[in-house]
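A.B. asks: with the input below, show me the fold.
(chains A, B and C)
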Amino acid sequence: MIATHYVYWAFFALMLIGLYVVISHGNLLKKLIGLSLFQVGVFLFYISLGKRYGGSASIISEDVRAYSHPLPQVLILTAIVVGVATLAVGLALAVRIFEAYGTVEEDEITDDDSTGPDGADSDSTGAKGTGSLHKTDRHGSGS
Amino acid sequence: MTTFVLIHSVLLAILIATAVAITRMRALYGATMLAALFSLVTACLFVLLDAVDVAFTEAAVGVGISTVLLLGGLALTRSREAVTPRRRRLPGAVVVLLTGGVLAYAALDLPEFGSADSPVQRHPITETYLHESQKDIGIPNTVTSVLASYRGLDTLGELVVVFTAGLAVLSLLGPLARPEQVRPPADFHLADYRVIRVVTGTLMPLILLFALYVLFHGDYGPGGGFQAGVIFASGFVLYGLVFGLDKAQQVVPRAALWLLISLGLLVYVGLGLTTMLLGGSFLDYDVLDPDHPASGQHLGILVVETAIGVTVASVMTAIFFSFAARGVSR
Amino acid sequence: MTQLPVLQVTIPLACAPLCVLVRSRTAAWLVFLAAALFSLTCAALLTEQVADDGPVRYRMGGWPVPAGIEFVVGDFSTPILLLVSLSAAAAAVYGHRSVAAEMDARRSTLLYACLCLTLAGLLGLTVTGDVFNAFVFLEISSLATYTLIAMGRRRRALLAAFRYLVIGSVGAVFVLIGIGLAYAVTGTLNMADLAQRLSDSGGNRAVQAAVVFVFVGLAIKMALFPLHAWLPAAYAEAPSVVSTFIAAASTKVAIYVLCRFAFTVFGASLVFHSMPGDRIGLLLAAVAMLVASAAACLQNDLRYLLAWSSIAQIGYIMAGVALATTAGLSAAYLHIMAHAVTKAALFGTAGLLLIRLGSVQLSALAGIGRRMPWTFAAFVVAGLGLIGVPPTAGFVSKWALVAALVERDQWLVLGALLASSLLAVFYVGRVVEIAWFREPPEGAEPVRPATSMVAAVWFLALLSLYFGIDPTLPDRLADAAASALLGTGGG
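C.D. replies: Purely as a prediction, here's the structure:
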């Protein structure tokens, strides 16, 4: 079991470290870094499914007998791209949140939202006559 | 095999140690650098697992783009993390324990690692991808043929995701979302340093040339449109870093970026619609050259890779410019 | 070979870059409207075709399955296709004036582009017959939705979008892990091939774990209690046109994908007999109905109230799915359709009020029923549908659900459903009371909202009434869907 499955255990450990950071850390950027770690663990798991001992990269040539499987690699190429796209959007959101709230710590943001005046987003343009302030807004988000 | 296990174990140990260090580090610049190291080690592992294309992409994305983006994000926010309060630990620990439990349970019935007899290796599509593809498509890099032809729709979806990310960043940080235009102060430029200037000037053409090589050599070796796009973008990022944003935007004006971002996607979808008009199904490249299906496949894959390269390069450049310009305006 | 399944998805996809390129708000709106109407036409044609000739299979690139990706349009997917494209079309009609009032011209084109992408992603998710391709479409629609939510006018929209992004990405990665485990055991990604290879693997622990991961991931995406934390703020802070569209379509598609995985990939015998999928599903459904309806009663903001009510409605649908009977699934499909139409109408009305009043705090709504009688009448009609009063579609679907629960002797869930409906009477009644029976503030003039927006809202409200009076069409679609799902399952 140990000899044949140690790889999976290591990748699962990586996933869990990432997942812990995503849930427990309050810093928005740290959450995104954690998300990347989580994803990388999954990527490695997929790639390990296609690996074959004694195999070679799946580029066909005359003097190779066995190849590792190309399909997991294709899937993970796609997944890596999806991951970096998510990271880019998340970072852009974090920057805007910092500009609107002056912090990227989730706890401070939540405090700010429930006590301070709930101003319209300073950057949002247009919206004629809709930018009213609700001083006593009891917001109902789940957490 | 023993050597493999040894190298593999060492890399895995480094990887886990790095991950733990990242979680504990509150200085986020440091954490970002460690994340880049993490990606580099991951890329090595991918090579060891015979996934050279993935390693290439991970190196370009994880070490390159992600790090630049994270640094850009940090420059615009705060670079020190607050202490994680104790009460936040419990939910994370519970979720991790539950998830870990299910994963451990699953591992009991997972096929042996590296076995030639696993369901993945035994499934008939292995034969299709590794051998029949040589006849049907005729390019040695099977990853490229699966990516661009057998599973061409996934790759279109991947390109759409990149496109969406481009739109998202432009709508959040782009010129459209900026309150007012503030002129950049006459700050110092890296271009004041002659060494950096000369090295950048020399490197630029080489980087762009290398990107083209990666793009067109993807059929025969590791590489392809996505990696090429990222390398292309990194060329412009370097130029922007050294010579300043204004210079870089003179080279690639925003309007051109907007056009190119959409163009790649339109070419890809357009290719699919063309194959439908020619009587095939969506992305059936055989009909591009009915007499020689294999050369039709070649042509289709080339167009697809180029389209990916164009959109990825322009989206990545646009995202970098958006982050960088945000810094200037504040 | 019909090209409809692929055109249905790729035309909206191609419309997204067009929206960016045209650079004019009206032109981008026209592109989105055209995309929505086109996909609606395709959906209608496909529904007809599937009803006549059975499932349509479309092989991408002409490659044989499972080497290539295939699209499968069966009886189980046509109701969802109709629903998604219909709500996109309604949102398009509604959106023209709504977006003009809420956003500047240049960013509007990006909004329409993202709407096209969301539409294409949801449609692709509905028709794909490949599990990894489903992940890709899931990410397309999610990423576009995060962007759309972030365009909301208050700064809270940014936070809502970020939270949704993190939670949603974790959900997507869970789905990815589940797919990976199933792939490790079978070596294939095609749904039909997977079903075949998984049919005799009931005791395999990796497959059971795959079920858990896929379902938890999708439960996050569909905001099933207790994984709903992202939803209230996301729906309530998004631009009106966006909440109208995603409240109708996006969680419903996640539920559909869950059904697809449960019945046509893993098989009902594995999920509901070897594993306790039915008991857990019913339990979560009952808790969702009670807790979310109670939370809706405590809200002071109309849009948060509606969002919490959505979470309760997800509970109703989940109850039908977890019964895993023909009657239960049919009721779930009916409720998916009824609730989508109803909730789109309600969020549409909330958007209209928001434009006129600048706030949808309940206290600000005093007397609005007298100032905007037509708009608010639509709210009342749709609100009755939410409660399940005859003759609305909400009544038909709830009745079917009650019958299905009675058939299986699920009295506790039935009790939760009735209690939740009573709570719905309370929270809808509270809004109506404030809007109609409280004095409007001094000097308030009657205001005329944009005709196209009112028309869209009324269209949805009347559709809910029509399906309540003559439920032949939804009944037929739902019954066909339920028997198709149970017929092709692994067990």
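A.B. asks: who are the packing partners of the helix or strand of chain A at the bottom of the mean pLDDT ranking?
C.D. replies: None of the helices or strands of chain A scores lower by mean pLDDT, DSSP states H and E than helix A:106-115, at a mean of 79. Contacts defined by 3 or more Cβ pairs under 8 Å, 6 or more residues apart in numbering or on different chains; DSSP states H and E place helix A:106-115 against helix A:70-101, helix C:156-186. All C-beta atoms are positioned from the backbone trio N, CA, C, and that covers glycine.
A.B. asks: tell me what angle it forms with helix A:70-101.
C.D. replies: For helix A:106-115 against helix A:70-101, the angle by axes from the mean of the first three to the mean of the last three Cα atoms, to 10 degrees is 50 degrees.
A.B. asks: residues of helix A:106-115 that come out buried?
C.D. replies: For helix A:106-115, the neighbour count (16 or more other Cβ atoms under 10 Å in any protein chain shown) marks A:106, A:109, A:110, A:112, A:113 as buried.
A.B. asks: quick one on the thing from earlier: any chance of the helices and strands packed on helix A:106-115 in TSV, plus distance to residue C:366, mean neighbour count and mean pLDDT?
C.D. replies: As requested, these are exported to TSV (distance: least, Cβ to Cβ, whole Å; neighbours: other Cβ atoms under 10 Å in any protein chain shown; pLDDT from 0 to 100):
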stretch	distance to residue C:366	mean neighbour count	mean pLDDT
helix A:70-101	30	26	93
helix C:156-186	24	26	94
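A.B. asks: so, low pLDDT: which residues of chain A?
C.D. replies: Residues of chain A meeting the criterion pLDDT under 70: A:1-3, A:114-143.
A.B. asks: and the angle from the least confident helix or strand of chain A to helix C:156-186?
C.D. replies: 140 degrees.
A.B. asks: get me the contact residues on the stretch 201-350 of chain C for chain B.
C.D. replies: Residues of the stretch 201-350 of chain C lying near chain B by Cβ under 8 Å from any Cβ of the partner chain: C:204, C:205, C:206, C:207, C:208, C:209, C:210, C:212, C:213.
A.B. asks: swap the cut-off to 10 Å and go again
C.D. replies: C:201, C:203-213, C:216 (Cβ under 10 Å from any Cβ of the partner chain).
A.B. asks: how close does the closest residue in space to residue A:79 that isn't next to it in sequence get to residue B:43?
C.D. replies: Computed as Cβ to Cβ, 6 or more residues apart in numbering or on different chains, the closest residue to residue A:79 that is not its neighbour in sequence is residue A:43, at 6.1 Å. For residue A:43, the distance to residue B:43 under the criterion Cβ to Cβ, to the nearest Å works out to 11 Å.
A.B. asks: just checking, which helix or strand of chain B averages the lowest pLDDT?
C.D. replies: None of the helices or strands of chain B scores lower by mean pLDDT, DSSP H and E than helix B:245-251, at a mean of 80.
A.B. asks: that one: how far from the chain's middle?
C.D. replies: Here helix B:245-251 is found 24 Å from its chain centre; the criterion is Cα atoms, centre = their mean, to the nearest Å.
A.B. asks: could you say which helix or strand holds the closest residue to residue B:21 other than its chain neighbours?
C.D. replies: Nearest residue to residue B:21 in three dimensions, chain neighbours excluded: residue B:34, at 5.7 Å (Cβ to Cβ, 6+ apart). Assessed by DSSP states H and E, residue B:34 sits inside helix B:28-48.
A.B. asks: then that helix to PDB, C-alphas only?
C.D. replies: Only the C-alpha atoms of helix B:28-48 are listed here, as PDB (Å, rounded to 0.1, in the frame of the first residue of the first chain):
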ATOM      1  CA  LEU B  28       3.100  38.100   1.500                       C
ATOM      2  CA  TYR B  29       6.000  39.000  -0.800                       C
ATOM      3  CA  GLY B  30       7.900  36.100   0.700                       C
ATOM      4  CA  ALA B  31       4.900  33.900   0.300                       C
ATOM      5  CA  THR B  32       4.600  34.900  -3.400                       C
ATOM      6  CA  MET B  33       8.300  34.000  -4.000                       C
ATOM      7  CA  LEU B  34       7.800  30.700  -2.300                       C
ATOM      8  CA  ALA B  35       4.700  30.100  -4.400                       C
ATOM      9  CA  ALA B  36       6.900  30.600  -7.500                       C
ATOM     10  CA  LEU B  37       9.400  28.100  -6.100                       C
ATOM     11  CA  PHE B  38       6.500  25.800  -5.400                       C
ATOM     12  CA  SER B  39       5.500  26.000  -9.100                       C
ATOM     13  CA  LEU B  40       9.000  25.400 -10.200                       C
ATOM     14  CA  VAL B  41       9.300  22.200  -8.200                       C
ATOM     15  CA  THR B  42       5.800  21.200  -9.500                       C
ATOM     16  CA  ALA B  43       7.100  21.700 -13.000                       C
ATOM     17  CA  CYS B  44      10.000  19.400 -12.200                       C
ATOM     18  CA  LEU B  45       7.600  16.800 -10.900                       C
ATOM     19  CA  PHE B  46       5.500  17.100 -14.000                       C
ATOM     20  CA  VAL B  47       8.600  16.300 -16.100                       C
ATOM     21  CA  LEU B  48       9.300  13.300 -13.900                       C
END
